[in-house]
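[1] Got a predicted model here, sequence first, then my questions.
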Amino acid sequence: MQEAKRLKHKADALMDKFGKAVNYADGALSFIECGNAMERDPLEAKSPYTMYSETVELIRYAMRLKNFSSHSATMFEKRLAVLCNRCLSLLYLRMFHLKKDHAVKYSRSLLEYFKNSAKSSHQAPSPWRTNGKVNGTPSPLALSPSPAGGGASGSSSNVAIPQRIHHMAASHVNITNNILRSYEHWETADRLAADSRDFFQDLDSVTGPLGQQSSMCELVRYIRQGLHWLRSEAQLL
């Protein structure tokens, strides 16, 4: 934690945006190590999920300093973008796994609710517009209000959902959205890495290739080595 804070403060003081981003990314690795340690020691006051979530925000902040993945970005900047996107991908995936049991529980409860809701809707007039049905199932368009703000008959298209279900659905989306973000960042990294194939092949050979099933320790080792090479090549202090 002390090393993470030291690197973050060092980054805060720098003027060069590339140097700042490299130091923030380096500091993020120490925060990841803290989160990994917290997973093994549940007596810690802060949860590993919170630690990883805050680390994600730090990396995202570093990436917003400059568009490191743009066409006009330097080769060094694009390599940094690859490393940061790999980091974000595995952090989001780890965050999902930490809450996966909650997601499974929410999924079962939501499916049960909507199944029972569908049964009761067959016994009452359907709130869906009949012209939006396909084989008795509302199409996605039928779930949207018409431009006039109501259904075809002019009636409201709102459906009352219990607050408990609404909260559960929101929590479920927040957890499962981590998977989508993970794959999005991994694909971005793949695309950007194509321009620096030799750099990342050398990195793979030294640390072992990084995959979406890699551990947090393997992630830290891989990214730290990549940042070390970047510092040397870009002649950063």
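    On my side now, so go ahead.
[2] distance of Met95 from Met75?
    Counting by Cβ to Cβ, to the nearest Å, the gap from Met95 to Met75 is 31 Å. Placement of C-beta: from N, CA and C, glycine included.
[3] cool, and Ala170?
    42 Å.
[4] now Ser196
    Where Met75 is concerned, Ser196 sits at a distance of 6 Å (Cβ to Cβ).
[5] what about the helices in the protein?
    2-13, 17-40, 48-64, 75-123, 163-193, 197-207, 216-234 (DSSP state H).
[6] Comparing the ones you listed by mean pLDDT, which bottoms out?
    Comparing mean pLDDT across the helices of the chain, the weakest is helix 2-13, with a mean of 82.
[7] name the helices or strands packed onto that helix?
    helix 17-40 (3 or more Cβ pairs under 8 Å, 6 or more residues apart in numbering; DSSP states H and E).
[8] Name the residues of the helix it packs on that are buried.
    18-36, 38-39 (16 or more other Cβ atoms under 10 Å).
[9] what helices or strands is it leaning on?
    helix 2-13, helix 48-64, helix 75-123, helix 216-234.
[10] Mind checking those for the one nearest to Leu180?
    With distances scored as Cβ to Cβ, the stretch of these nearest to Leu180 is helix 75-123 (8.5 Å).
[11] Which elements pack onto the closest one?
    Using 3+ Cβ pairs under 8 Å, 6+ apart: helix 75-123 touches helix 17-40, helix 48-64, helix 163-193, helix 216-234.
[12] Quick check: which of those is buried the most?
    Ranked by mean neighbour count, these are led by helix 17-40 with a mean of 21 (mean count of other Cβ atoms under 10 Å).
[13] how many other residues sit next to Asn67?
    Residues near Asn67, counting by other Cβ atoms under 10 Å, number 12.
[14] which residues sit in contact with it?
    Asn67 is in contact with Ala73, counting by Cβ atoms under 8 Å, 6 or more residues apart in numbering.
[15] mind redoing it with 10 Å?
    73, 77, 81 (Cβ atoms under 10 Å, 6 or more residues apart in numbering).
[16] What does the first one show for phi and psi?
    With angles defined as degrees, to the nearest 10, Ala73 shows backbone torsions of phi -70, psi 150.
[17] That one is in contact with Met63, isn't it?
    No: contact between Ala73 and Met63 fails when scored by Cβ atoms under 10 Å: they sit 11.3 Å apart.
[18] Quick check: neighbours shared by these two?
    Shared contacts of Ala73 and Met63 (Cβ under 10 Å, 6+ apart): 80-81.
[19] As JSON lines, the helices and strands packed on helix 17-40 with distance to Ala189 would be great.
    Formatted as JSON lines, the helices and strands packed on helix 17-40 follow (distance: least, Cβ to Cβ, whole Å):
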{"stretch": "helix 2-13", "distance to Ala189": "21"}
{"stretch": "helix 48-64", "distance to Ala189": "12"}
{"stretch": "helix 75-123", "distance to Ala189": "4"}
{"stretch": "helix 216-234", "distance to Ala189": "11"}
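[20] Out of these, the one nearest Thr188 is which?
    Comparison of the helices and strands packed on helix 17-40 against Thr188 by Cβ to Cβ identifies helix 75-123 as nearest, at 4.8 Å.
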